[in-house]
Structures are given as C-alpha cells and as structure tokens.
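S.K.: Predicted model follows, preceded by the sequence.
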Amino acid sequence: MSVKQISTNMLRGWIDGLLLQKTVIGPVQHQGHFRFESITSSDQLALDYDVTDLPPKKFLLPPREVMMTFRSSGEFQSVMEFHPFVLFGVHPYDMIAINQMDRVFSEKLVDIHYLTRRNACSIVALDPVAVAPHNFSGCMGTATVEKGWDLLLTPLPQDGYLLEIGTEKGNTLLHSIYELPDASLDQLQLREQRWNQNQKSMRRHELKCAPDDLPDLLEQNYDHPLWQEKSSQCLSCGACNIVCPTCYCFDIQDEVDWSLETGVRCRAWDGCLLRDFAEVAGGHNFRKQSAERYRHRFYRKASYLPKRFGEIACVGCGRCISACIPNISNPVEVYNQLVGE
Amino acid sequence: MDPQIDSPVIGHPSSDIYLPHPALITSMCSLTALDMLFEIHVPSPEVHTPSPGQFVEVSLPGIGEAPISVCSFSNHPHQFQILVRRIGNVTQALHQLQIGKSIGIRGPFGTTFPVDRELRKQNILFIAGGLGLAPLRSAIQYVLHRRWDYGKLIILYGSRTPDEQLFLEDLHDWKSRKDLTYLETVDRGGPNWKGRVGVITTLFSLLNLEDDPWSAIICGPPVMYSFVLRELRQRQIPNELIYVSLERRMKCGVGMCGHCQINGLYVCQDGPVFRYKDLIHLQEAL
Amino acid sequence: MSKPQVAIFDLAGCEGCQLQIVNLEDSLLQLLSLVDVVEWREAISNHGPEIDIALVEGCLEREEDVARLLHIREKSKILVALGSCAISGGVHQMRNALSSLEARQITYGNNGFLKHLDVHEKVQSLDQIVKVDYSIPGCPIHRQELSYVLRCLALGRIPFIPTYPVCVECRIQENLCLWQQGQLCLGPLTRAGCHATCPSHGTPCIGCRGYSSDANPQGLRQSLNRYHKTPEEFEHHLNLFLGSSLEHAHA
C-alpha cells in the first residue's frame, strides 16, 4: 500500500480524533520510564520513548484474564473480550514479538481468547529514534519490521512522519482525516536511512554470531558449565519472563465467588524460571534445579521455539537485561560466551 | 465517549479449545485406598473415542483441571474409563463425587501407542510400574480385542506393595490366559503375599527374549525408565521399537501453556507416547 | 449442607491479622453467609466439641500457649496458621538470637525478671508443635487471600497460594524496581500473594510473607556491591522476618 506524509501537529490531531471513537494505548512517561497505557489525549504520548518496562503484549495476553465462567452444576461458558483499541507506537522488535505470538496462538490450534482480542486491536508501529540502554535488536534482525502493523510511522529528521498504510484496517483508522499527501522520493530515502541507522545503532550489545547460528550453538553446549555458574546467582524471580515480549506461558486457576455456586476460570502469566513451573501433582518437579530453569529459557528462545516456528524467539529488546537484579540474564553475554570457546 | 464494547460469547468447545464438554460419571469403583476407576460418558459427537495412550483434561468447576490418561479401550463411542489417583486438588474432589454427577472433559489429547500401525503382527512386551499400568491398559485391551493380529505378548507389572496393585480383575484374567505371559512383582511384600518381591527389572531374568524380535511399551514412575531401558538394551531391543508414555504437567493440553515441555517437545501434543529413539538425545526426557 | 464452623484463636501476636478479618467490611457479611464463626475472643464463644476450621494467629511464647494449641488442634478438623507469627514466629523470632533472659532484660530492664514474664527459651511457630494444614502468610495477612482460602476450604479444595517471589507481581504492575532505585527490597526472596502492595507504594518489601520457594539469599548477597549495599544492611533487613526461617520455607 501507499506511504503518506503527516506533520506532527496533524498526527496529534488525528490521534485526538481517534480518541473520540476508540481506546488508544500508547507509550507514556513515568519517572523517566515508559509504559504502554490507555491515554486520554495525544499530549500524553511519548513518541520518542526508547523502551517500555513491559511490552505491549499485556494488552493482547493480559496478566490475568477470565477465560470462562462456570456454575457448580457443571456448565462452562466462554468469555471473550472484543473491545476495539489502537495500540499506538509499537517499536519494530515488539511488533515482531506480536507477530510470533499471533502464530503461536493460531497456527496449529486457535486460541479464541487471544485472537478475539488481537482482532479487536489495530497496531500503529513506530520506528524508534532513541536506543534503549540494552537494546540489541540490530543484531537480531528486528530493528525494523515489514509486517504485522496496520500503519507504520517513521519519524523524519526535521518535522513530521512518514505513514505507511499496511492493511485495510489501518486505512480505516485514517478515515477521520483528509487525504494525506504522498511521501516524496527524498522522504522515502530518508526513511531508508532511518532504517539503516537503526539497524546499526540498536546494538548496545554485539552478538558474535548470526542469530541463525544460535540453535546449533546451543545444541553443542547443553552441558556447558556456564549454566551452573551464572544461575548460582539466579533468584528464580521470573522477572526475565514477565518483561519478555515473546514469553507467553500461562497458568490456569479457578476462582469461586461467595455463593460457591458460580465462578471464573482465569488464565495468568507464568514463567519457566519459577520453581513450581514444571512440578506435577504429587510433587515431582521436572526442572527442580535453578540451573535447569535458567538454561531452559535460553533454549526455548533460541532453539526450541525456532525449531517449531522457524524464528528466534528473542527480539533483542533488552528488557530482561534491565530487569535482572543479579545481572545474569543478558542473552548476548551468554551466547557470546558460548561462541567464545 | 465510551469505547465501543461488544462482547460476543462464543460458548462452544469447537471454537474455544479451553472450554470443557459436559460429561457424566456413569460408574465409580474403588481399586485401592488411593485409586478410583471412573467410567465417563461424553455425549458430544465432537469428542472422539480416545485411542490407546491418549489422555483427557478433566474439569471440575471451582476446583480446576487435571490431565488423566484414559485406561480403557472400547469401540463404544463416547464412553471410556479413567483411573484417578487422589494426589491433587481435582483428583481429591473427583473421589468425592457420585455416579450421575456431571464433570467437564477436554480432549482426548496426544499421541497414541501405535497398536493399529507399527505394532501389528509384532511381539509386544508391556512394562508397567505403579500407576503406569493405567495408560498401558488401554493398549493391552486394544491388543486383546484383536489378539489374532499380534505376535507373542508379555506383560510385566511392578507395584510398590500388594495393596497398591491396580485392576485386579484384569491381572487375574491375564494370569489365566494362555495367549500371553503375565509376570508381576512388588517392591515390598506382606504377610499374605506369596508372589515375587523385587523391583520390576528382576522380572527380566525370567524372560527369554533373545530368539525373537520384540517391541516394548513402557510406562511408570520417572525413576523406573533408565533401569528398564538398560535391560532392553542388553537384550538388543532397538530404540525405534521402544515406546514410552511420559507424565508432565499438561496444563492446557493444546501445546500453548508451556508447562509440559521436555526440551523442545510438548508432552501434550508431541506425546505422551514417544518413540524412545526420538527422546534419546533429550536430557530432560528420561 | 450445614455451614463449616470456623473458630479464630490468638496466641502471641498483635491481633493485626484478626483486625484484617474485621477489615473485610462489606464481604464480612458474605463470609458469614458461607461459614459460622463459633469462637472469636473478640466477640463470640459458643463452639461445640468440634471445629471445622481453626484460624490460629500468633506464635508460641509461653508454656500455656503450647497446651492451648494442642487443645485447639485436637478439636479442629483443619488448622490454618494465620500470619507470619503463626507460620514462622514472625517478628518474635528475632529474640531467638538471644537468650530469653537477655531479651527480657533488654525489653523490660530489671522488671524483665518478674515471674509473669516467663517465656520459652525460643519462640516457636505452630508447625513446631502441631500439624498445620494450611498457612496464610503475611504481617498482617492479606484479607482477600483469607477470604479466598476460606472459599476454597468450604469447597473442599487446596487453595493456590503463590510460592514464587513478590517480583512477579511487582513486575506485572510495571513498578520501577526498587533495587534499581537504590533501595534494599526483599521482594526477590519473599513469597508473593500480597500483590506487591508495599513496593507498589514505593516501600521496599520487608519479607513478611516468608521465603519464596527456592529463595536464594546467597545469590542476592553477591549482588549487594552492584547496588552499593552492605552485607550488614542486608542481614539487618533479613532479620525482621526472614532471619531464621529459611529452614521453615515450605517444601
């Protein structure tokens, strides 16, 4: 589809127009950190943000969601949430993570709870201008994104943005504004430059191998002493799981109300670093050692999921690096140490 | 302005993989102090008859869900048996239900023992430890239904104590049959126990497996596998003819939640029945 | 079906956990529609020979506490330890580092030797004396958790109380990590279920819910330097609730 130009003022006006019809969720600043949250005015948006503490997945796979209601007599009824919203300002690495989740929840079997929410969501992606302290998406090939978004915004060096329309859904979002002028050839070139620059600059950590080499690299290093060494400081706190845009493991729990007659079955985020994750009824734990759980995360991201879906399930956002108190979660550090031998 | 809200409730299990089908308990029979045999009827035509080795997710409203292997095989559609050991929330509550009560069922899920494929015409050695007899029983029943279609059959069964032996009627039947060899042992005998005492691997010395090619099916507690596999290796049973059924925390049953993962495999979808050859390089498997 | 009979008892403690029951406010009526409260020192005393669920607050300081607890256990089908004092001795266990005489003297001066202040040499938690069926951690307990546990018990199921650390709930709320804000927070070692109430209000976790499963204080000690914290500071914080209770951490 086509690429348009839009001034910053017009962009703000357009967002404020959208807010009259829909929920708009975008990056907002809090004490120097950024969070995706529902806004009431375009002024709240921090479009020059570097990274949010939690990825936008929290709006597609909420930390806790009601999947169904039940009656004690044995009837269950699905609960689906269809509440149209715009996810505004999603960076390429997060967009790619969402694309991966879309496949997980629809490729073999359809998770209607995820998919209903996903279908209600329009995504406006945004090429970043600031590089987060630990971002290494440039190394992972995720500093730019070609698909998944409905609209893609790329900031221009002077003022304004280029706006590419990716889908009909994206086109509909633009209905409230007058026809936008097409991007000029010069502007398209500036956009290319922005992409090239981002691929080069979003490398706060430099991976010493190609991402495609990671599955083989891991295959050869299952018993490497590094897993034990690094994990000796692991707090099993799951912070790396919680902040990860490609983590989607969950637990399911029933909750009854006071009548004990009715209640809800809920899904909540879970994490493979947490001790009880692989424990079965009766108490046997299949990943009892923290080193086993620590290793599992890296294998899942760079070996197990890639073998299933053909893509490395790490998008280089660097959130796990920032979140880890003992500073042992840096994937690049781990992979480079394995390469280094 | 309020956001546009529209909440379609698609209340059907065919569109929601997490939504249980209504099912009825048609019989209950206590087998040991901890184990109860349930017969389940699922009226929904969408629920396939479970194949040997598969499991279902049993749902109790307010309590939760638990993966339980189907322990029977019959051609009767929508009807199957599960053996429930009282060890967790759902299993505890199941034991307290009565015949006629309604429960939820999802599934059946997972891979099957290839009794209708590779195992036809073969000599089969069944090795069950403790609760592992439950999934194996579905395969044994299948094979005995079509006894003519298989070669020699051996069933080895080890329990911790005589009191923990499951399916006494089946054991009795197998003991008396001429068309199969049934051997049993217990880890610890008792005053009234006249049979063999010892771990399951002690039964191998009673067998002569050298003259024929054998396939083996194993299911038991995690600790059992490595010992049994060593015996099979010594007897030159090739890894591609060994099938194991594994237990993990199959929470969702549909390969999404991540709990049952063994290295790169999901037990709920890629298993629970695996060819040993496919597991041999997975350190988390056995 | 008759309603389960619930009794509330207190041993050595501040009664803060019982106050949380009162604080249920609106849902207190719903709670009473679910269970019969048959004994509560504050209000009621009319229990029969058997109690379905005993909620026991506080730890054991004195000889008579032991006898009382044994009596409670004997007549209760389910015994629930209510709050950190009951589970691990709570703040009381700090005195276990001293002899009881030292502790009494520090607290009461010369009056500390008066007969009515006689206490056991060491503070004990309920599970050191009797079998505890369920525990509701916290100082004080989280009232929503109490009501959840009571609903589960009324339904005959085991309640799900997280064993993972507070960090999970804290990160989900997108709080700024207090370690990264220069504070010493025990969230990474402490069992969740409180919805990270303290860190969400900018106050570091003090570990009142006890250790999480696989808590790794040794691992955290190795990070102190990076966050400009001293081992003394760390041990001092740990002392309040987590000092002696690692061996108490649930299985």
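M.R.: Thanks, I have it.

S.K.: Quick check, pLDDT for the residue in the stretch 1-150 of chain C that chain A sits nearest to.
M.R.: Nearest residue of the stretch 1-150 of chain C to chain A, counting by C-beta to the nearest C-beta: residue C:30, 4.0 Å away. C-betas here are computed from N, CA, C, even on glycine. Per-residue pLDDT puts residue C:30 at 89.

S.K.: Which secondary structure element is home to it?
M.R.: helix C:26-34 (DSSP states H and E).

S.K.: same question, residue A:49
M.R.: Using DSSP H and E, no helix or strand contains residue A:49.

S.K.: What count of nearby residues applies to it?
M.R.: If you count neighbours by other C-beta atoms under 10 Å in any protein chain shown, residue A:49 ends up with 22.

S.K.: same check, this time on residue B:178
M.R.: 5.

S.K.: so what's residue C:40 up against?
M.R.: C:7-8, C:18 (C-beta atoms under 8 Å, 6 or more residues apart in numbering or on different chains).

S.K.: Tell me the bridge partners for it.
M.R.: residue C:8, residue C:44 (DSSP bridges).

S.K.: quick check, stretch A:298-317 touching chain B?
M.R.: Yes: applying C-beta under 8 Å from any C-beta of the partner chain, one finds stretch A:298-317 touching chain B at A:299-300, A:303-304, A:307-308.

S.K.: wait, which of the residues you listed is closest to residue A:118?
M.R.: Comparing the residues of stretch A:298-317 next to chain B against residue A:118 with C-beta to C-beta picks out residue A:308 as the nearest, at 19.5 Å.

S.K.: Excluding covalently adjacent residues, which one is nearest to that closest one?
M.R.: Closest residue to residue A:308 apart from its sequence neighbours, by C-beta to C-beta, 6 or more residues apart in numbering or on different chains: residue B:264 at 7.1 Å.

S.K.: Distance of that neighbour relative to residue A:214?
M.R.: 13 Å (C-beta to C-beta, to the nearest Å).

S.K.: more neighbours, those two?
M.R.: Legend: neighbour count by other C-beta under 10 Å for residue B:264 and residue A:214, higher for residue A:214 (24 against 17).

S.K.: and residue B:240, that's in a helix?
M.R.: Yes: checked against DSSP: H, G, I helix; E, B strand; the rest coil, residue B:240 lies within a helix.

S.K.: Mind picking out the helix or strand in chain C with the poorest mean pLDDT?
M.R.: Lowest by mean pLDDT, DSSP states H and E among the helices and strands of chain C is strand C:44-45, with a mean of 60.

S.K.: List the residues that contact the residue nearest to residue A:308.
M.R.: Contact analysis of residue B:264 by C-beta under 8 Å, 6+ apart lists A:299, A:303-304, A:307-308, B:282.

S.K.: residues touching the spatially most central residue of chain C, list them.
M.R.: When C-alpha atoms, centre = their mean is applied to chain C, the residue found nearest the centroid is residue C:84 (1.5 Å). Each residue near residue C:84 by C-beta under 8 Å, 6+ apart is listed here: C:90-91, C:137-139, C:208-210, C:241.

S.K.: now, which of those residues lie within helices?
M.R.: Judged by DSSP state H, those include residue C:241 as members of helices.

S.K.: wait, which of the contacts of residue C:84 is closest to chain B?
M.R.: residue C:137 (19.5 Å).

S.K.: before we move on, back to that, any idea how far the residue nearest to the centre of chain C lies from residue C:207?
M.R.: 9 Å.

S.K.: Okay, and the beta partners of residue A:265?
M.R.: Here residue A:265, judged by DSSP bridges, has bridge partners residue A:68, residue A:254.

S.K.: Pull the contacting residues for it.
M.R.: Taking C-beta under 8 Å, 6+ apart as the test, what residue A:265 contacts is A:66-70, A:76, A:252-255, B:18, B:64.

S.K.: which of those residues tops the neighbour count?
M.R.: residue A:68 (27 neighbours).

S.K.: May I ask you to confirm that it is in contact with residue B:19?
M.R.: Yes: here residue A:68 lies in contact with residue B:19, judged by C-beta atoms under 8 Å, at a distance of 6.0 Å.

S.K.: Give the residues shared as contacts by these two.
M.R.: A:76-78.

S.K.: Just the ones of those in strands?
M.R.: A:76-78 (DSSP state E).

S.K.: Residue B:216 looks like it's in a strand, true?
M.R.: Yes: remark: residue B:216 belongs to a strand, assigned using three-state DSSP.

S.K.: which parts of stretch B:120-138 are buried?
M.R.: B:122-138 (16 or more other C-beta atoms under 10 Å in any protein chain shown).

S.K.: Correction: the previous question concerned stretch C:51-67.
M.R.: C:51-61, C:65-66.
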